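Trainee: Below is the sequence, then the predicted model.
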Amino acid sequence: MELAPIHKPPTPDRPPNVRDYDEARRQFRWSDARAELAGLPGGGLNIAYEAIDRHVEGPLADKVALRWRGKRGERREITYRELSSETSRFANVLRSLEIEPGAVVFTLCGRIPELFVAVFGALKLGCVVSPLFSAFGPDPIITRVEAGQGRVLVTTSSLYQRKVAPIRDRLKSVAHVIVIDDGTPPATGTLGWRSLLDAAPDRFAIAPTDPQALALLHFTSGTTGRPKAAMHAHEAVVAHRATARMVLDLHPDDIFWCTADPGWVTGTSYGLIAPLTLGITSIVDEAEFLAERWYEVLAEEKVTVWYTAPTAIRMLMKAGPELPRRFDLSALRFAASVGEPLDPEAVIWGQRVLGLPFHDNWWQTETGGIMIANLACMDVRPGSMGKPLPGIEAGIVDVAADGGVTERLPGAVGQLALRRGWPSMFRGYLHDEERYRRCFAGDWYLTGDLARRDADGYFWFVGRADDVIKSAGHLIGPFEIESVLVAHPAIAQAAAIGIPHPVMGELVKAFVVVRDGHQAGDALRDSVLAFARKHLGPAVAPREIAFVADLPRTRSGKILRRLLRARELGLPEGDTSMLEGAP
């Protein structure tokens with residue numbers, strides 16, 4: 001169900017960084033984006049230098065880089081000069097511990113200033129950084145640290161006691177655990193963060209860094225099997241900076257808030273790295289989601305650009321339209337969303353309640369940066385990913401058995417593919433070269449997502465290739481169904497899967513969460529089915545509706561359709577990899 005585009009009139013006082021999409025595509029060159037970076041004085045390219053140290057040598061040295069809000073009401077402001085000194089101290093700490101360039105440093109922290117210091121300090125030394133999600137349990141921590149052969153783990157004293165201490169003896173490769181004091185007594189066998197940094201020099205000369213040297217190790221969320229470790233090089237910073245400027249429309253005086261957890265690629269690429277490379281002031285909020293607190297942050301910090309996720313937007317929608325009216329959100333001029341497809345209703349809600357639409361965009365852990373987006377200069381099409389960025393060639397393709405690639409015509413569903421060559425493209429999967437090789441067909445990177453492109457060049461997400469529903473010869477994308485279902489006034493969340501059928505192959509079954517104030521039952525079921533048939537047609541609409549209290553999701557908010565299918569097929573829920581060959 002496509003809604004009318006949202007036209008955004010031009011703002012003469014603040015024209016967007018990309019003023020004309022077609023002209024930008026004609027003129028943009030990645031070599032020009034690379035030339036805008038400083039580069040190391042001794043040669044090469046280092047993410048930490050581009051994000052921090054280059055600013056210390058100019059007028060931004062004393063500008064606030066981070067404005068931190070602690071979960072207990074604490075406040076801190078950290079300038080670029082202070083961030084440079086602290087990261088240099090941490091680089092010297094690692095060197096004093098005989099950690100070599102190329103070693104992997106894991107972080108297990110929430111949104112705290114010390115996380116920035118650890119990440120960029122390690123990058124200064126030439127280490128590889130892999131941030132972990134602080135809500136992980138022991139098994140995901142063990143899996144990732146073992147895979148990456150981490151030499152150092154940086155965490156807080158409370159997280160260490162709760163999550164690391166019970167499994168410390170299983171982290172065989174970890175030589176040092178550095179613990180940030182957060183009020184919990186330090187444990188024996190760990191090193192104290194503050195005492196180490198206080199004893200270290202606050203200057204560090206970054207050695208010449210090969211742009212192709214490994215810098216970041218990002219683990220996928222694992223919705224399609226065992227998590228994979230995507231490897232990214234220092235050259236990725238070229239795309240981090242350029243795409244943040246194009247897509248998030250960041251200007252020098254902006255106050256930027258990226259709500260993504262640093263344990264995910266969005267939190268690293270656009271929460272840590274990108275805004276600093278542009279000399280922007282970032283808001284860092286340690287606390288977990290609470291609708292009233294989020295509106296308070298937007299108002300008190302006078303946030304101008306906000307990058308968040310569909311899960312959070314849905315939670316704000318659930319809190320109702322009255323709450324944001326209690327806050328002055330007039331500073332906010334641009335809002336964007338990523339992490340999973342954003343349904344059209346959420347885009348419309350942003351326009352109606354906040355006065356501006358959410359600009360959805362698309363990318364993956366493997367791409368390292370945003371690839372497709374609704375730019376500030378474009379009309380927003382609710383439900384669309386947008387158009388490929390300048391410098392990115394995207395296509396909807398079919399891949400033959402011999403590896404040949406054929407591009408599909410507008411309107412046809414096919415696999416979303418990207419022409420290789422952008423700076424943040426992953427350099428491989430750790431310890432799995434064959435899996436990496438299978439991601440490509442000639443010059444095309446095959447994303448594993450199904451999509452379509454309309455006649456105007458906008459791309460529309462259909463679903464993961466392994467989530468697509470095959471019913472009576474039709475290929476049905478679950479996201480299209482889910483977007484329609486949540487447009488029903490009584491439905492807050494929805495997930496669609498295919499269940500086996502002896503004649504049709506699969507039938508569509510939908511799981512829905514009912515909004516407050518509505519009652520699940522036969523009457524509502526009939527209403528939702530009729531609504532879906534009206535907007536989707538009988539061939540695509542769900543045949544069955546199940547009411548559930550909540551939907552299973554990954555920590556990053558993506559729907560675990562595989563888990564829903566496992567339950568329907570009677571497969572063990574703890575091993576969704578068994579679903580690789582399921583119908």
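Mentor: Good, I have the coordinates. Residues are numbered from 1 along each chain as shown.

Trainee: Report the rounded mean pLDDT for whichever strand or helix holds residue 276.
Mentor: For residue 276, the host element (DSSP states H and E) is helix 274-277. Here helix 274-277 scores 98 as its mean pLDDT.

Trainee: The very next helix or strand once past it - which strands sit beside it in the sheet, and in what orientation?
Mentor: Next along the chain after helix 274-277, taking DSSP H and E as the criterion, comes strand 281-285. Strand pairing for strand 281-285, determined by DSSP bridges: strand 64-69 (parallel), strand 255-258 (parallel).

Trainee: ranges for the strands of the stretch 451-583 of the chain?
Mentor: Using DSSP state E, counting those that start in this stretch, the strands found in the stretch 451-583 of the chain span residues 459-464, 469-471, 474-476, 491-501, 505-514, 544-547.

Trainee: Between those strands, which has the poorest mean confidence score?
Mentor: Among those, strand 474-476 scores lowest, with a mean of 66.

Trainee: just to revisit the earlier point, so for residue 383, which of the strands paired with strand 281-285 sits nearest?
Mentor: Closest approach to residue 383 among those is made by strand 255-258 (22.8 Å; CB to CB). (Each C-beta comes from the backbone N, C-alpha and C, glycine too.)

Trainee: How far does the following helix or strand past the closest one sit from its chain's centre?
Mentor: Counting by DSSP H and E, the element after strand 255-258 in chain order, helix or strand, is helix 265-266. With CA atoms, centre = their mean, to the nearest Å as the basis, helix 265-266 stands 4 Å off its chain's centre.

Trainee: average model confidence for helix 265-266?
Mentor: Averaging pLDDT along helix 265-266 gives 93.

Trainee: most tightly surrounded among the strands paired with strand 281-285?
Mentor: Among the strands paired with strand 281-285, strand 255-258 has the highest mean neighbour count (mean count of other CB atoms under 10 Å), at a mean of 24.

Trainee: if we can go back for a sec, nearest to residue 211, out of the strands paired with strand 281-285?
Mentor: strand 64-69 (23.6 Å).

Trainee: mind checking how far residue 361 is from residue 307?
Mentor: 9 Å (CB to CB, to the nearest Å).

Trainee: Could you check which of those two is surrounded by more residues?
Mentor: Between residue 361 and residue 307, counted using other CB atoms under 10 Å, the more crowded position is residue 307 (29 against 23).

Trainee: bridging residues for the more buried one?
Mentor: Beta-bridge partners of residue 307, counted by DSSP bridges, are residue 258, residue 336.

Trainee: what's the answer for residue 544, then?
Mentor: residue 509.

Trainee: circling back to that earlier point, just send the strands of the stretch 451-583 of the chain back as CSV, with mean neighbour count and distance to residue 37 too.
Mentor: What follows is these, written out as CSV (neighbours: other CB atoms under 10 Å; distance: least, CB to CB, whole Å):
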stretch, mean neighbour count, distance to residue 37
strand 459-464, 23, 29
strand 469-471, 18, 45
strand 474-476, 18, 43
strand 491-501, 22, 42
strand 505-514, 21, 46
strand 544-547, 16, 52
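
Trainee: closest one to residue 82 among these?
Mentor: Of all the strands of the stretch 451-583 of the chain, strand 459-464 comes closest under CB to CB, at 41.4 Å.

Trainee: Now for residue 361 and residue 307: what residues contact both?
Mentor: Residues touching both residue 361 and residue 307 (CB atoms under 8 Å, 6 or more residues apart in numbering) are 336, 337, 338.

Trainee: circling back to that earlier point, any chance of the strands paired with strand 281-285 in CSV, plus distance to residue 50 and mean pLDDT?
Mentor: CSV is the format used below for the strands paired with strand 281-285 (distance: least, CB to CB, whole Å; pLDDT from 0 to 100):
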stretch, distance to residue 50, mean pLDDT
strand 64-69, 13, 98
strand 255-258, 17, 98
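
Trainee: Which of these sits closest to residue 240?
Mentor: Of the strands paired with strand 281-285, nearest to residue 240 by CB to CB is strand 255-258, at 12.0 Å.

Trainee: Show me what the closest one is in contact with.
Mentor: By CB under 8 Å, 6+ apart, the residues outside strand 255-258 that reach it are 67, 248, 250, 266-267, 270-271, 275, 280-283, 285, 297-298, 301-308, 331.

Trainee: how distant is that strand from the center of its chain?
Mentor: 15 Å.

Trainee: What of stretch 65-83?
Mentor: The mean C-alpha position of stretch 65-83 is separated from the chain mean by 23 Å, CA atoms, centre = their mean.

Trainee: Give me the buried stretch members for it, please.
Mentor: 65, 66, 67, 68, 69, 70, 78, 79, 80, 81, 82, 83 (16 or more other CB atoms under 10 Å).

Trainee: Pull the contacting residues for the nearest residue to the first one once chain neighbours are set aside.
Mentor: Yep, that's residue 65 we're talking about. Counting by CB to CB, 6 or more residues apart in numbering, residue 65 lies nearest to residue 80, which is 4.7 Å off, once chain neighbours are set aside. By CB under 8 Å, 6+ apart, the contact set of residue 80 is 52, 55, 56, 60, 61, 62, 63, 65, 276, 279.

Trainee: Would you check which pair of these lies furthest apart?
Mentor: Taking CB to CB as the measure, the contacts of residue 80 span a maximum distance of 14.8 Å, between 62 and 276.

Trainee: neighbour-wise, which of these two wins?
Mentor: Higher neighbour count among residue 62 and residue 276: residue 276, with 29 against 12, using other CB under 10 Å.

Trainee: Verify the stated contact: the more buried one with residue 54.
Mentor: No - between residue 276 and residue 54 no contact is recorded; they are 9.9 Å apart, counting by CB atoms under 8 Å.

Trainee: My guess is residue 251 contacts residue 17. True?
Mentor: Yes - at 7.4 Å, residue 251 counts as touching residue 17 under the criterion of CB under 8 Å.

Trainee: buried sites along stretch 233-240?
Mentor: Neighbour-count burial for stretch 233-240, counted by 16+ other CB under 10 Å, picks out 233, 234, 235, 236, 237, 238, 239, 240.

Trainee: I misspoke; the intended subject was stretch 143-152.
Mentor: For stretch 143-152, the buried set under the neighbour-count rule, 16+ other CB under 10 Å, comprises 143, 144, 145, 147, 148, 150, 151, 152.

Trainee: Of those, which is the nearest to residue 110?
Mentor: Nearest member of the buried residues of stretch 143-152 to residue 110, counting by CB to CB, is residue 144, at 17.1 Å.

Trainee: Isn't the closest one up against residue 229?
Mentor: Yes - in this structure residue 144 lies within contact range of residue 229 using CB under 8 Å: 7.5 Å.

Trainee: which residues do those two both contact?
Mentor: Residues touching both residue 144 and residue 229 (CB under 8 Å, 6+ apart): 130, 219.

Trainee: on that earlier part again, and which of the buried residues of stretch 65-83 is nearest residue 428?
Mentor: residue 83 (30.7 Å).

Trainee: Look up how far residue 43 lies from the closest one.
Mentor: Distance, residue 83 to residue 43, by CB to CB: 23 Å.

Trainee: on that earlier part again, out of the shared contacts of residue 361 and residue 307, which one sits closest to residue 161?
Mentor: Comparing the shared contacts of residue 361 and residue 307 against residue 161 with CB to CB places residue 338 closest, at 33.4 Å.
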